[in-house]
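Visitor: sequence first, then the predicted structure:
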Amino acid sequence: MSGSLPDPAFLSVFDALIFQKTAERLDHLGDLPSWFPPPGLRQEADLPPEQLVDRSFFLQHFLHEAREWWESGRTGQCKSGLWSEPALFGEDVVLEATAVRHRSLRYVILQRFGPDILPIQPLLQKAREEQLSHRQAVNQHERTEARLGSRLAKSEQERDDVMAVLDGLGLGTIMLNANRDVTFISGKASELLQTDPARMIGRTLVEGFPWKPADSVRVEEMGRLPRSQRQVVPVVMDGKNHSATALEVEVQDDPRDPRKTILLLKDVSEMEALRRQLVGPTQFHNLVGKCPAMRAVYERIGDIAVVDVPVLIDGETGTGKELVARALHQLSPRHEYPFLPVNCAGLTDSLLGSQLFGHKRGAFTGATSDHEGFFESAEGGTLLLDEIGDMPLPIQTTLLRALQEGEIIRLGESRPRKVNVRVLAATNQPLQELVDRGAFRADLLYRIRVARLRLPPLRERREDIPLLSTAFFEKSRVAFGKMQVLGIAPETMQRFLRYSWPGNVRELQAALEYALIHCRSENILPTDLPPELCDVFPAVQSSPLLKPNERQRILDALAQTKGKRAQAAKLVGMSRSTFYRRLTELNIAHEESSI
């Protein structure tokens, strides 16, 4: 073989594209594999295989890496890792390139894999490398076990070896029987779950796992899906004695018995921390958003919550005023006491007065017993008066006294009662205009707006729409049992971004729930949306979800992951195919080579 080309007849047994790299050219060797030309090139069937490189940004980049590897003089092989070329090969095709050297000859081998290799490939590759490093010890162990003739002991030792490899890779392993009872938990899984294994054996997912019941339901639902539709389930566990742990749970069938299940747990806390550094915080006490306007709201909530004064929360219908009120309560010294919301719209004077302040038996027709109002029920806590602009004027007068004196009088009584309640008010109306028209008391307005918070409408924070959509989608698909729906199509997200959202966040949530109910495919399509969104045409630009600083975000992600693009794609929240396309569109290949 020294300095000579391999026999083409020998190369034809491999179902792969094999190229020889010379100083100036890349020449194809042997026969074409069964999968070439791919669907994306079949109309150009006479296209030489060498031209495939011109069509693949990833192959071009890998040849640059292979050139450096060849010139380094290192032995062995240089692998690209798995990637896909949807435009050429289709969504379910996974490729891997390998660079090898035989004396002065250099080769590139391009292999094709099916979609089932993608979820388990990292685990197989790492386990294989670990196994090779311990092969001598394992072989010796197998010879010893053969001499002893104990198949049971051999099986147990092999299981221990596998568990040791998985633990060494940072993967926790849990085995479930056909009834979804825990039959085995590895040491690493016990460490990740911060629990005693003995307390979990024989218990179900819901009973035995120290995460939220909703997460157990999501894991169970994922196990019922076909393997090709399964995804990792993100779980966040609140730390008992340290910070919270972010886990990814992968659901696999037991190869020995498909009725049984294997759960693989991986700690991704460090990855989540890196992602948060790149994209910033996206959630604050059930409020979702990271635009500048929402970050300002979060800061003001933190400042106002600890000061025991009335607060006026102003915003359009559906912007999340009650969520803000709950956040103010949870962050306040009153968080251990009740939080009670009451809607002031649509109630008569007597009914609203009775609800707020209570009444004595016989105070009005139908008052058959003494009644405790919201002010007394919320003693020590927080009372939210929603839509306060609709409160009748007589009740406004009584409310003003309650705020000024800290006492209320039940309807039908004359004795005042002391109350200790913090009052929050919310409105979607311009209260100052109501004051000017005589529909709202000026002194009450001054009393309730000691502190003020304005919530921006959704049309002023469009960059948060993808975050909100994803949050509502994940929550609703579990609640509706639609785990076969995997995501939101890009063209659907474009419609979300162009719509005016008069109902704000509440309307967005309702639109997603409507779409999930009607969705019959793997992704929510524009045809699944409510009628009012069907007339919204998608944007012309190629990527409406991008921010002006996306180029720098991608470069930062590549720097954080030392050029590992699959990890960088996760950090910025893109699929790998989208990430590679954006590398080309943003002309990042040159900068990436210097990272």
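Guide: Sure thing, it's come through.
Visitor: for the stretch 201-350 of the chain, just list every one of the helices.
Guide: 205-208, 213-224, 269-279, 292-305, 321-330, 349-357 (DSSP state H, counting those that start in this stretch).
Visitor: so what's the residue lying closest to T427 once chain neighbours are set aside up against?
Guide: Spatial nearest neighbour of T427, chain neighbours left out: G389 (4.5 Å); criterion: Cβ to Cβ, 6 or more residues apart in numbering. Yep, even glycine has a C-beta here, placed from its N, CA and C like the rest. Neighbour list for G389: C344, T427, N428, Q429, L431, L434, A439, F440 [criterion: Cβ atoms under 8 Å, 6 or more residues apart in numbering].
Visitor: switch to 10 Å and redo it
Guide: 314, 344-345, 425-431, 433-434, 439-440, 445 (Cβ atoms under 10 Å, 6 or more residues apart in numbering).
Visitor: does the nearest residue to R422 once chain neighbours are set aside have beta-bridge partners, and which?
Guide: Nearest residue to R422 in three dimensions, chain neighbours excluded: T382, at 4.8 Å (Cβ to Cβ, 6+ apart). Beta bridges link T382 to F339, R422, judged by DSSP bridges.
Visitor: is it true that T382 touches E322?
Guide: No. At 11.5 Å, T382 and E322 do not qualify as touching, with contact defined as Cβ atoms under 10 Å.
Visitor: between those two, what contacts are shared?
Guide: The contact sets of T382 and E322 overlap at F339, P341, L424 (Cβ under 10 Å, 6+ apart).
Visitor: would you list the residues you listed in CSV and tack on distance to A557 and neighbour count?
Guide: Output for those, formatted as CSV (distance: Cβ to Cβ, whole Å; neighbours: other Cβ atoms under 10 Å):
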residue, distance to A557, neighbour count
F339, 40, 20
P341, 41, 17
L424, 40, 28
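Visitor: for Y499, state which of these is nearest.
Guide: Nearest to Y499 among those is P341, at 28.4 Å by Cβ to Cβ.
Visitor: please report phi then psi for V435.
Guide: For V435, the backbone dihedrals (degrees, to the nearest 10) come out as phi -60, psi -40.
Visitor: how about it: what's its closest non-neighbour residue?
Guide: A442 (4.8 Å).
Visitor: wait, what's in contact with that neighbour?
Guide: A442 neighbours (Cβ under 10 Å, 6+ apart): L431, Q432, L434, V435, D436.
Visitor: look at H102 and say how many residues are nearby.
Guide: Residues contacting H102 under the criterion other Cβ atoms under 10 Å number 12.
Visitor: looking at strand pairing, list the partners for it.
Guide: Per DSSP bridges, residues listed as beta-bridge partners of H102: L105.
Visitor: hang on, the earlier thing: which of the helices of the stretch 201-350 of the chain has the lowest average pLDDT?
Guide: Among the helices of the stretch 201-350 of the chain, helix 269-279 carries the lowest mean pLDDT, at a mean of 56.
Visitor: break down the stretch 51-200 of the chain into its strands, ranges please.
Guide: Here the stretch 51-200 of the chain has its strands, by DSSP state E, counting those that start in this stretch, at 77-79, 94-102, 105-113, 171-176, 182-185.
Visitor: turn these into TSV, including mean pLDDT and distance to H61.
Guide: Putting the strands of the stretch 51-200 of the chain into TSV (pLDDT from 0 to 100; distance: least, Cβ to Cβ, whole Å) gives the following:
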stretch	mean pLDDT	distance to H61
strand 77-79	84	13
strand 94-102	84	10
strand 105-113	84	13
strand 171-176	84	29
strand 182-185	85	42
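Visitor: most tightly packed of those?
Guide: Most buried of the strands of the stretch 51-200 of the chain, by mean neighbour count (mean count of other Cβ atoms under 10 Å): strand 171-176, with a mean of 21.
Visitor: partner strands of that one, parallel or antiparallel?
Guide: strand 182-185 (antiparallel), strand 257-267 (antiparallel).
Visitor: kindly list the main-chain dihedrals of H285?
Guide: Per-residue torsions, H285: phi 50, psi 60 (degrees, to the nearest 10).
Visitor: find the nearest non-adjacent residue to it, please.
Guide: A327 (3.8 Å).
Visitor: next one: the one you found from T561, what distance?
Guide: Applying Cβ to Cβ, to the nearest Å, the value for A327 to T561 is 34 Å.
Visitor: more crowded one of the two?
Guide: A side-by-side neighbour count of A327 and T561, using other Cβ under 10 Å, places A327 first with 21 against 18.
Visitor: that one is in contact with F284, isn't it?
Guide: Yes. In this structure A327 lies within contact range of F284 using Cβ under 10 Å: 6.9 Å.
Visitor: returning to what we had before: reformat the shared contacts of T382 and E322 as TSV; add distance to K266.
Guide: As requested, these are arranged in TSV below (distance: Cβ to Cβ, whole Å):
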residue	distance to K266
F339	37
P341	40
L424	42
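Visitor: from those, pick the one nearest N523.
Guide: Comparing these against N523 with Cβ to Cβ places P341 closest, at 36.2 Å.
Visitor: for the strands of the stretch 51-200 of the chain, which one sits closest to N523?
Guide: Counting by Cβ to Cβ, N523 lies closest to strand 94-102 out of these; the figure is 19.8 Å.
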